[in-house]
Every structure is written in C-alpha cells, then in structure tokens.
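Enquirer: Any chance you can model this:
(chains A and B)
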Amino acid sequence: MQIYLPIAEVSVNAFLLLGLGGMVGVLSGMFGVGGGFLMTPLLFFIGIPPAIAVATEANQIVASSFSGVLAHFRRRSVDFKMGTVLLIGGLFGAAIGVVVFNYLKSMGQVDLLVRLCYVVFLGIIGSLMFVESLRAIQRSRSNVKVSFKRKQRNWVHTLPFKMRFRTSGLYISAIPPLIIGVAVGVLAAIMGVGGGFVMVPAMIYILGMPTKVVVGTSLFQIIFVTAFTTLLHATTNYTVDMVLAVLLLVGGVIGAQIGAQVGARLKAEQLRILLALLVLMVCGKLGLDLLMEPAELYSIASGAGH
Amino acid sequence: MTRLGWLLAVFCLALPVQAEDVVLGLSKDRVAITATFDGSEILVFGAVKRETVIPKTPLHVIVTIAGPYKPIVVRRKDKRFGIWINTESTKIEAAPSFYAVATSAPWDEVITKSQDVAYQVSVAQAIQARQTTHADAEQERFTQAVIRIRTDENLYQLLENKVTIDEQTLFRTSIEMPANLTEGSYDTRILLTRNGAVISTLNTEIDVRKVGLERFLFSLSREQPLIYGLLSLAIAIFAGWGASGLFSALRRS
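Expert: Here you go, the predicted model:
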C-alpha cells in the first residue's frame, strides 16, 4: 500500500516502512542500541531526503528511548543528577548542531556532512565492535577469565567544579559530563541518532560510571535531547514528517520488544559480530557512494527561503 | 468610455478573428492528494470549432500541463580530496515542478522553433522565458541537467504522437501524473497548429491539492510549527509508553 508522506512529498510503501521500523527495532532490542544509526542511512537508501530522514528519525528515537527508559525507572537505574548535567550539555550541543546543519544546508553541503559523519562513526564503531566480539569469542573458547580493572583516578579527577553523584557513587568535576553532553547533542542534530553508541562508552571509560546505571541514564538524556532536536528541526526547517515517524515508530517499538526477548536467548558474541558486519556494510555502501563517480553529477534543491 | 476601455476595444479589434477555436473537456479539473495518493491520470479531450471549411494543411494539437513554477538551486559534483562533493551551483529563478507536453505528431512537425520561443511550449523554453538574466553556455548545462533529472523522475514528459485527432476535429490524450506531485494550480494549455504555426490557444487550470489528513498536517507544520513539533513528540511518547505497557502486561499474563 502506497502512502504519500505530506512533508517529504514522496510516495512510499507503508509496509516497507513498517518492516524497516520493525527490523531495526528488533536489532535495537537485541543489542540494546537505539537503532538511529542504522535507520537514518536506510531511509536515505529508500529515497527519503536526508534532511527529512534526520529530523524524523530524531522524533522516532524519542519514542523508542521513552519505551526503554520506563523499565530503568522501575529498576531505579537512572542517575538523574548525572543525566541532568549531560542534558544541559546536550541541549547546547543540539542547538549548535542545528545551526551548523542549517548553515551547511544553505551551502548545499548538508548531505556530504551527514554522510561523512556516518562513514566515520559507523566505521569506527563497526570495527571496534568486530574486534571486540572476535576477542570475546576467543576468550569464551579458551575459557580464560579476564578481569578488567577500572582506573580509580585519571585526568577527570583533576578538574574543578566537583559534584557528588550519589546514584553513580562518584565525586567528579561537572566539566567532562558537560562536554560529553555537547558532543552527543551535536551528533543527534546532525546525524539523527540518539548518540548512545558514543555516550555509553564515554560514561564507562571516561567518567567511570557503574555499568548498571549507564544505559538508563543515557536513555534519560537521549529522550530530552532528541525531543529538543525534533522541535528545532520542526520550527526552523519544517522537516519532521509525522506520517513517516508514526509508521517507523509503530514498527520500531513492537520490534524492540520482540528483539529484547530474542536477544535474551541467543549467544551475545555471535550476535555482536553480525551487528558489527551489518554496521560495516552500511558504512561501506555510504563510503562507496562518496568515492565513486555518481551517475548524475547534478542535483536539484529548493531555492526558496534558505 | 475610459481610456482603458478604449485601449481594450482597439486591442480586440486588432486581433484577427480566429477561424478555429478549441472546445475543451477534462476528465477532472482537480487532483486530490490523499494519504494513499499514487499518481493520477488525466484525460484531456475536446473538439475544434470552426465556421469555415477545413483547410488543406493538416491540423496538429499540442497539450501542455505545467505545475507551479518555483526557484531552484542546481549543484554539480566534482572530485575534491578523493570524494565527490558539490562545488559549482546556479540558481534557476523559476522551473516548473511538473511539465508534460503531448503532441499529435513528431515535435519538429507540429511547431517551429520560433513559435516554440514565442509560446514557450517546450519545457526548455518555459524555463528560459522566466530567467531575468541571459543564459550563457554554463547556465545552459545546468538547465539541461534539470530537464534530464526531472525527465528521469517522470516529472517532465515529452509525449510525441500521443494526441489522437479524428477528422481534424476531435482530439484526445491522457497524461500520467506521478505520485510525487507538489501542490498548486497546474496550468493546462491546448495549442492548435498548422504548418508549425500556432493558430489558436486555450488555457485552463487543474487544481492539485493535498486533502484531509495530508492537508491538515502540512498546513500545521508550516503555520504552527511549534504545535506540530509538540504533537509529534506527544505521539512518540504515547507510542513508546503504550508499547512498553502493552508488552509488560502481555509478559505478566
């Protein structure tokens, strides 16, 4: 069934969108990732204009993060104070990101920026995940237990403006979480992602937060940053397509719940290798598009307004 | 009589009495873009009204449908630092979002070059006539690119031999409009030609509008973007909360 998207002004198959939402939802439920970094490039591939894909995906992430954070509320695994500090940085970052996005849009370089960001980040994350899960498989085969020691004191502890974060059991400066928040906000606005894939490692390895509060706290921050990004895109660019968002999130939230059930029953390492390969494939496709001579060198953009 | 009235009267008298006129019918004069819109086919038919005998030279009919004219920016990619990025760009002040031309014979037979320029029948002339600056060779390449891209997307169509004429009097054609239409009034013209010269024209409009939900969402997003944004968020939060609640209820049961 074809559906005409009122803002994107293209007609797409509704079941294709539901299916994509569901597929990415299953993956995100299985691996505990937001899925924005897979969904946005997939939307490019099916012909949704990048500006619309990025803005609409931010809206969809609000739904999937909200669905996820409720479980963490019940388990009390959200550090609200840390979340709020990350959020203040995130709102600044999102505002900067939207300004950069709009400036490059007027220059005609926004597609390039979004694609380059994707190639770089998907490349890094995909390779890291691939290497890490290969090691994990080797470890489980040789059956040697490796214990990670977290550094008790690093450069983070030498900065001023110290705050106490009770839930995380930390007494650290507010500057590193603010900077992390800004970086994630910029990514959310430019790439249409939640930024969990950057924030979660940063919270563990830079801030030294306990793993059990990391996911809940990052989801808490992501909801507000992506909500803010959605509003900024909706009011400055008019690029949020509600019909597209609804189709994606219906598929997405159902898929995520199924994925969470499936993920609990499968071997984590093999799954992670598959996800890593998938991420690298999407990265490779986007990279090739930039490297190979396009069939059509010219492109048309609206000349009104901007 | 006012001066304007005199001018009009003189102008009307100066016009030659048209020997042949078009009487037109359309299968529909409005296209509604609904949520399930998947393109539309418009049947254009009509007759030639004349009081004299049919001239010897063959009659040809050209039908054009033009979507709203909008300014566009055209960009060209070049290889820089090993990757393909947009470099050169040019602004085209007005290009139709949709343009279909149907003719009753091959293009060169139905209209001469100078008549095409005068009446802006082909899409290239329609774009050219709306430029305030004179086009150089570079500008011309960008205009050609627009026509090529939009022809590939089925937005610009040249349909030669697609108008059927019976007895030099009745004519009909059908024009396919693709699913990715923009809103606006679509200027529809019928031109009668003999020996490549235009002898009569008729203008009408086809109204293309988003209706229902599409109309509501589009207007809201432009007129009340903040409310639109908040509504999108409310739907997102409700869906997220609903899914979470539904599935935990299912698991408990």
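Enquirer: C-alpha only now, for contacts and for neighbours.
Expert: Noted.
Enquirer: Could you list the low-confidence segments of chain A?
Expert: Residues of chain A that meet the criterion pLDDT under 70 lie in A:31-34, A:143-157, A:263, A:267-269, A:303-306.
Enquirer: Give me every residue in the stretch 101-250 of chain B lying close to chain A.
Expert: Neighbours of chain A within the stretch 101-250 of chain B, by C-alpha under 8 Å from any C-alpha of the partner chain: B:142, B:145-146, B:149, B:179-182, B:214-215, B:217-218, B:221-222, B:225-226, B:228-230, B:232-233, B:235-244, B:247.
Enquirer: Please repeat the previous calculation with a cut-off of 7 Å.
Expert: B:145, B:179-180, B:214, B:217-218, B:221-222, B:225-226, B:229-230, B:232-233, B:236-237, B:239-241, B:243-244 (C-alpha under 7 Å from any C-alpha of the partner chain).
Enquirer: can you pull the contacts of residue A:277?
Expert: Applying C-alpha atoms under 7 Å, 6 or more residues apart in numbering or on different chains, we find residue A:277 in contact with residue A:126.
Enquirer: and after the helix or strand in which it is found, which helix or strand comes next?
Expert: In this assignment (DSSP states H and E), residue A:277 forms part of helix A:268-291. Counting by DSSP H and E, the next helix or strand C-terminal to helix A:268-291 is strand A:298-302.
Enquirer: Please enumerate the helices of the stretch 1-150 of chain B.
Expert: B:3-14, B:107-110, B:113-119, B:123-128, B:137-152 (DSSP state H, counting those that start in this stretch).
Enquirer: model confidence over the last one, on average?
Expert: In other words, helix B:137-152. The predicted model assigns helix B:137-152 a mean pLDDT of 86.
Enquirer: What is the longest helix of chain B by residue count?
Expert: helix B:225-252 (DSSP state H).
Enquirer: tell me what that helix is packed against?
Expert: helix A:50-74, helix A:211-236, helix A:242-265 (3 or more C-alpha pairs under 7 Å, 6 or more residues apart in numbering or on different chains; DSSP states H and E).
Enquirer: Around chain B, pick out the residues from chain A.
Expert: A:2-4, A:6-7, A:9-11, A:59-60, A:62-64, A:66-67, A:108-109, A:112, A:227, A:230-231, A:234-235, A:238, A:242, A:253-254, A:290-291, A:293, A:297-304.
Enquirer: buried subset of these?
Expert: Using 16 or more other C-alpha atoms under 10 Å in any protein chain shown as the burial test, these include A:2-4, A:6-7, A:9-11, A:59-60, A:62-64, A:66-67, A:108-109, A:112, A:227, A:230-231, A:234-235, A:238, A:242, A:253-254, A:290, A:298-300, A:303 as buried.
Enquirer: tell me which residues in stretch B:208-216 are buried?
Expert: Taking 16+ other C-alpha under 10 Å as the criterion, stretch B:208-216 shows B:208, B:209, B:210, B:214, B:215 as buried.
Enquirer: Likewise for stretch A:187-204?
Expert: A:187-197, A:199-200, A:202-203.
Enquirer: Of those, which belong to helices?
Expert: A:187, A:188, A:189, A:190, A:191, A:196, A:197, A:199, A:200, A:202.
Enquirer: re the thing from before, as CSV, the helices and strands packed on helix B:225-252 with distance to residue A:85 would be great.
Expert: Output for the helices and strands packed on helix B:225-252, formatted as CSV (distance: least, C-alpha to C-alpha, whole Å):
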stretch, distance to residue A:85
helix A:50-74, 17
helix A:211-236, 9
helix A:242-265, 28
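Enquirer: and of those, who's closest to residue A:86?
Expert: helix A:211-236 (6.6 Å; C-alpha to C-alpha).
Enquirer: and the angle for the closest one with helix A:50-74?
Expert: 140 degrees (axes from the mean of the first three to the mean of the last three C-alpha atoms, to 10 degrees).
Enquirer: tilt between helix A:211-236 and helix B:225-252?
Expert: Using the same axes, to 10 degrees, helix A:211-236 lies at 150 degrees relative to helix B:225-252.
Enquirer: Which strands and helices lie in contact with the helix of greatest length in chain A?
Expert: Longest helix in chain A, counting residues (DSSP H): helix A:110-142. Under the contact criterion of 3+ C-alpha pairs under 7 Å, 6+ apart, helix A:110-142 touches helix A:268-291.
Enquirer: Figure out how far the helix it packs on is from the centre of its chain.
Expert: Its chain's C-alpha centre and that of helix A:268-291 lie 15 Å apart, by C-alpha atoms, centre = their mean, to the nearest Å.
Enquirer: can you tell me how far residue B:22 sits from chain A?
Expert: Distance of residue B:22 to chain A, given as C-alpha to the nearest C-alpha, to the nearest Å: 35 Å.
Enquirer: Quick check: which ranges of the stretch 1-150 of chain B have low pLDDT?
Expert: Short version for the stretch 1-150 of chain B, where the test is pLDDT under 70: B:1-18, B:134-135.
Enquirer: try it again with 50
Expert: Within the stretch 1-150 of chain B, the stretches with pLDDT under 50 are B:1, B:10, B:12-17.
Enquirer: show me where it has strands.
Expert: Assigned by DSSP state E, counting those that start in this stretch, the stretch 1-150 of chain B shows strands spanning B:20-26, B:30-33, B:40-50, B:59-66, B:69-80, B:83-96, B:99-103.
Enquirer: okay, these in CSV with mean neighbour count next?
Expert: Converted to CSV, these look like this (neighbours: other C-alpha atoms under 10 Å in any protein chain shown):
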stretch, mean neighbour count
strand B:20-26, 16
strand B:30-33, 20
strand B:40-50, 16
strand B:59-66, 24
strand B:69-80, 18
strand B:83-96, 19
strand B:99-103, 24
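Enquirer: Go through these and name the closest to residue A:89.
Expert: Using C-alpha to C-alpha, the nearest of the strands of the stretch 1-150 of chain B to residue A:89 is strand B:83-96, at 31.7 Å.
Enquirer: Residue A:55: what's it in contact with?
Expert: Here residue A:55 is in contact with A:192, A:230, A:233, A:239, A:240 (C-alpha under 7 Å, 6+ apart).
Enquirer: From those residues, pick the one nearest chain B.
Expert: Of all the contacts of residue A:55, chain B sits closest to residue A:230, with 6.6 Å by C-alpha to the nearest C-alpha.
Enquirer: Would you check that that closest one makes contact with residue A:57?
Expert: No: the criterion here is C-alpha atoms under 7 Å, and residue A:230 misses it with residue A:57 at 8.6 Å.
Enquirer: Report the contact partners of residue B:208.
Expert: Residue B:208 neighbours (C-alpha under 7 Å, 6+ apart): B:30, B:31, B:32, B:183, B:184, B:185, B:186.
Enquirer: so which helix or strand takes in it?
Expert: With DSSP H and E as the test, residue B:208 turns up in strand B:197-210.
Enquirer: neighbours of residue A:232, just the number please.
Expert: 23 (other C-alpha atoms under 10 Å in any protein chain shown).
Enquirer: returning to that earlier point: distance to residue B:111 added to the strands of the stretch 1-150 of chain B, as CSV?
Expert: Listed next are the strands of the stretch 1-150 of chain B as CSV, based on distance: least, C-alpha to C-alpha, whole Å:
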stretch, distance to residue B:111
strand B:20-26, 17
strand B:30-33, 29
strand B:40-50, 18
strand B:59-66, 9
strand B:69-80, 23
strand B:83-96, 21
strand B:99-103, 10
